[in-house]
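Novice: How does the following fold in three dimensions:
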Amino acid sequence: MVINRSFDDVAADDALILILGSMPGVASLKAQQYYAHPRNLFWDIMGELFGFNPRLPYSERLEQLQSNLIALWDVAHQCERPGSLDSNINSNSVIANDFNALFQSSPQIKAIYFNGQKAAQLYQRLVVPTLPENFQSLPRQILPSTSPAHASLSREEKLKQWSQVGETLATLTK
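Specialist: Alright, predicted model coming up:
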């Protein structure tokens, strides 16, 4: 069985919003970049929400997220999963990332958005029970996966739902 390992978090100490995926897919693992599959809409949506070119070099896209107070990570530190589909993650093999350390280094996080259902399920099962109470109660919202495998919603519908991230950020920075 293939053991996949996620990337380090992308989180500045002033981050207000945390976006969580489940585990990078094959294309992302190969490129060593979050959301590297060419048909994944994540960077297109982030570029539209925060006014940057989604074709910028990867390091600059990460800087754009951080300058907009967005942190990015995956729930799973490692897991067994053949291929890229979340449905193929062996739930018993998942080892969660260290969220206590993340919240210590980025204590301003006020809201969490999940890129798909699987990330939310893993977070609820593996992470929430390990957190101090103040982080257990952070507002959480599941958004539609930006993955090309989640094709039941159009790009426009995904963008409409993901716009909640921008609206929340605007509220938090008033």
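
Novice: Name the residues that touch the helix ranked longest in the chain?
Specialist: In the chain, assigned by DSSP state H, the helix with the most residues is helix 155-172. For helix 155-172, the surrounding residues in contact (CB atoms under 8 Å, 6 or more residues apart in numbering) are 16-17, 19, 41, 44-45, 48-50, 68-70, 110-111, 113, 141, 143-144, 146, 153. C-betas here are computed from N, CA, C, even on glycine.

Novice: host element of residue 77?
Specialist: Residue 77 is part of strand 76-80, with elements assigned from DSSP states H and E.

Novice: and that strand, C-alpha only, in PDB?
Specialist: C-alpha atoms of strand 76-80 as PDB (Å, rounded to 0.1, in the frame of the first residue of the first chain):
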ATOM      1  CA  ALA A  76      -3.800  14.200   7.300                       C
ATOM      2  CA  HIS A  77      -0.100  14.100   7.900                       C
ATOM      3  CA  GLN A  78       0.100  10.700   6.400                       C
ATOM      4  CA  CYS A  79      -2.300   8.000   5.200                       C
ATOM      5  CA  GLU A  80      -2.600   5.000   2.900                       C
END
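
Novice: Just after it, pick out the following helix or strand.
Specialist: Elements were assigned by DSSP H and E; along the chain past strand 76-80, the next helix or strand is strand 95-96.

Novice: neighbouring strands for that next one, and are they parallel or not?
Specialist: Counting by DSSP bridges, the strands paired with strand 95-96 are strand 76-80 (antiparallel).

Novice: ok, back up a step: how far away from the center of its chain is the longest helix of the chain?
Specialist: Between the centre of helix 155-172 and the centre of its chain there are 14 Å (CA atoms, centre = their mean, to the nearest Å).

Novice: Do me a favour and average the pLDDT over that helix.
Specialist: Here the mean pLDDT over helix 155-172 is 96, rounded to a whole number.

Novice: Next: stretch 100-119.
Specialist: Across stretch 100-119, pLDDT averages out at 96.

Novice: chain center to it: distance?
Specialist: On CA atoms, centre = their mean, the centre of stretch 100-119 falls 8 Å from the chain's centre.
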